[in-house]
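Participant: Any chance you can model this:
(one chain, ligands or ions: 1)
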Amino acid sequence: MSETAVNGACLSICEQCKKPMRAGFHKRYCSDHCRLVAWAGRQAMLPLEPPAAPVQPLKVGPTTAQIQASQKAQTVKVLTMLQDAGPRGVSTGDFLGSYIGRFSARIGELRAVGWTITGKRESEHSWRFVLEGSDHV
Ligand SMILES: [Zn+2]
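Facilitator: Numbering: from 1, shown residues only. Got it, this is the predicted structure:
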């Protein structure tokens, strides 16, 4: 509370609007309005504790880019091979024999849109991939 003498009378100055108010009020602010404005100003300066965390988007499904990748000709070919093979699966050699060199990237694109494809190592250089549920197709 700041006080000042005006014409010999002791007046208080509102800390918000800086207007003189009647002496003897022993308040910091002249009105509820000034008290609320000052309070709001103090809130804006308070540090956020804990600091605001970045909002994590919910994973609700594949992105447009992932869907487009899963529809590339080679990716569709990999899916067709897996569907046709059923539980027997498709081996590394089968993919390479069909000239799909980057089959693991294509499998990654299919997994991104929701296909469950398991991979089992059969030997040092060969894997066998099975489309989950393909025995029901
Ligand atoms: Zn005031």
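
Participant: can you give me the helices for the chain?
Facilitator: 32-45, 64-70, 73-85, 92-97, 103-112 (DSSP state H).

Participant: Flag every residue of the protein that's near the ion.
Facilitator: In this structure, the chain approaches the ion at residues 14, 16-17, 30, 34, judged by C-beta under 5 Å from the ion. (C-beta placed from N, C-alpha, C; glycine too.)

Participant: Closest one of the residues you listed to Ile67?
Facilitator: Among the residues of the chain next to the ion, Gln16 lies closest to Ile67 (C-beta to C-beta), at 56.7 Å.

Participant: Now, of the residues of the chain next to the ion, which are buried?
Facilitator: 14, 16, 30, 34 (16 or more other C-beta atoms under 10 Å).

Participant: what separates stretch 12-21 from the chain centre, distance-wise?
Facilitator: Distance, stretch centre to chain centre, for stretch 12-21: 47 Å (C-alpha atoms, centre = their mean, to the nearest Å).

Participant: Stretch 61-79 too?
Facilitator: Mean C-alpha position of stretch 61-79 versus that of the full chain (C-alpha atoms, centre = their mean) differs by 23 Å.

Participant: Other residues contacting that stretch?
Facilitator: 90, 95, 98, 100, 102-103, 106-107, 109-110, 112-115, 131 (C-beta atoms under 8 Å, 6 or more residues apart in numbering).

Participant: Which residue ranges make up the domains of the chain?
Facilitator: Domain assignment for the chain by automatic domain parsing gives 2-45, 64-136.

Participant: right, so the ones you listed: which one is the most enclosed?
Facilitator: Ranked by mean neighbour count under mean count of other C-beta atoms under 10 Å, the domains of the chain are led by domain 64-136, which reaches a mean of 15.

Participant: circling back: would you list the residues of the chain next to the ion in TSV and tack on distance to Lys72 and pLDDT?
Facilitator: Formatted as TSV, the residues of the chain next to the ion follow (distance: C-beta to C-beta, whole Å; pLDDT from 0 to 100):
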residue	distance to Lys72	pLDDT
Cys14	70	88
Gln16	65	90
Cys17	67	92
Cys30	71	87
Cys34	66	89
